[in-house]
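K.L.:
Sequence and predicted structure, then a few things I'm wondering about:
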Amino acid sequence: MNFCAFILWGITEGFFAEAFTCSAVNLLRILLLIKMAPYLSLIPDHICVLIVKRKAVHIEVLVITIGTFSVHLWEYLTDRSPNAWAKLGIGLGYGFSMLLCIVALLSFRTTGVYSFEMLAVGIPVQILSLAQITSAITIEYFAAIAVTTLAILALSFLKPCCMLGRKYAYGCLLGIVFLLQIAAVFRHFHMVHHKNKESPAVMSVTAYLYTLTATSSFQHRTNLPAIPHSIVYLFGATGLIVVNSVIVAVELIQKAKKGQRTIRDLQIILLPIESLFIIGWVTLQMYALCMEIKIKIRKREMNKNKIAHTDKKEDNIPRSPLGSQVSHELHEMEPLSPSDCRGATLLEVSESDTH
């Protein structure tokens, strides 16, 4: 119902970017809820279930990216008359970012391990293209975003080597660079918000896309704490639907009374709440990952302590003198060689002859 409400809202009022983003988020939340369901492990591993487990986040990123930024691109091409070089630069930026999102979606085995890096590179490329459309870009922030993006690309090339022995070090370094990229992007939004009236809405969409990108870096784990898992799932299944319905209803009532909108863009309210839902899921995944690492470390320490205790036991075993004496007597009772037996026989014969 919320999906239909936002579509009708966009058609009647002409807010296409807002209507597309809000309706797509409400519709694609179904895939995220299936992925986050506590009973998902009970469902047989069908091909559709595997796709939802692995690619639900990538599907949502691709749909929101294509739809939202395509609206801005269409308005730019129809309302203005850009020259050929501007069209070429913006088109290459959008095309490259879309290509990265599509490859991240279609990759499963070989390139599937690079899906997070692809999404993390695609988002700032779109931001820079959008900044070129609105003519709101400065050299220093362009350089900051470009440096962090190139750093993620460089780390992705080093990933096969790092996965062999320094897996956690690579993850920490990639996370630091990713946070620096987010800081550079939002610092850019903060400096240019007065030049673009749609900057708050674009900032909300970007924050939501970055939250989904962070979610794509985690595997689907089932060893989550039961009560927090159920709370997050119920918040997404019921709480978000109620909140979206109330927000749309209040906005329609206020507009009918005052004749103008109370909120400039509904994305500013809806997408942060959706991001809170995704952050709750990421927090559970991080908790499960930390518990796995803790259990592995504990098992390793227990094995080391067991081996050390066994070695210490063997070193402390007393050696009795009776055992050494028995071994000495056994050594004296060793069988003689054939030559020694022949010599002993001749000696006995000679002694008998003399007698």
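P.N.:
All right, it came through fine. Residues are numbered from 1 along each chain as shown.
K.L.:
which outside residues touch stretch 239-259?
P.N.:
Applying Cβ atoms under 8 Å, 6 or more residues apart in numbering, the contact partners of stretch 239-259 are 1-2, 5-6, 9, 22, 26, 29, 261-263, 266, 269-270, 273-274, 277. Using the backbone N, CA and C atoms, a C-beta is placed for each residue, glycine as well.
K.L.:
Which of these fall within helices?
P.N.:
N2, A5, F6, W9, C22, N26, R29, I269, L270, I273, E274, F277 (DSSP state H).
K.L.:
Buried only: go through those residues for me.
P.N.:
Neighbour counting by 16 or more other Cβ atoms under 10 Å classes N2, A5, F6, W9, C22, N26, R29, L270, I273, E274, F277 among those as buried.
K.L.:
least confident pick among those residues?
P.N.:
Model confidence across those bottoms out at W9, which has 71.
K.L.:
Throw the ones in helices among the contacts of stretch 239-259 into TSV and include distance to N244, thanks.
P.N.:
TSV is the format used below for the ones in helices among the contacts of stretch 239-259 (distance: Cβ to Cβ, whole Å):
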residue	distance to N244
N2	5
A5	8
F6	8
W9	11
C22	8
N26	6
R29	10
I269	9
L270	6
I273	8
E274	9
F277	11
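K.L.:
Show me which pair in those residues is furthest apart.
P.N.:
With Cβ to Cβ as the measure, no two of the ones in helices among the contacts of stretch 239-259 lie farther apart than W9 and F277, at 21.5 Å.
K.L.:
quick one: contacts for A104?
P.N.:
By Cβ under 8 Å, 6+ apart, the neighbours of A104 are H58, V61, L62, Y114, S115, M118, L119, G122, S216.
K.L.:
So which of the residues you listed sit within helices?
P.N.:
Per DSSP H, the contacts of A104 map to helices at H58, V61, L62, S115, M118, L119, G122, S216.
K.L.:
ok, now how distant is I231 from Q285?
P.N.:
Per Cβ to Cβ, to the nearest Å, I231 is found 15 Å from Q285.
K.L.:
Kindly report the same for I297.
P.N.:
Applying Cβ to Cβ, the value for I297 to Q285 is 19 Å.
K.L.:
Mind listing what's buried along stretch 201-210?
P.N.:
Within stretch 201-210, the residues that qualify as buried are A201, V202, M203, S204, V205, T206, A207, Y208, L209, Y210, counting by 16+ other Cβ under 10 Å.
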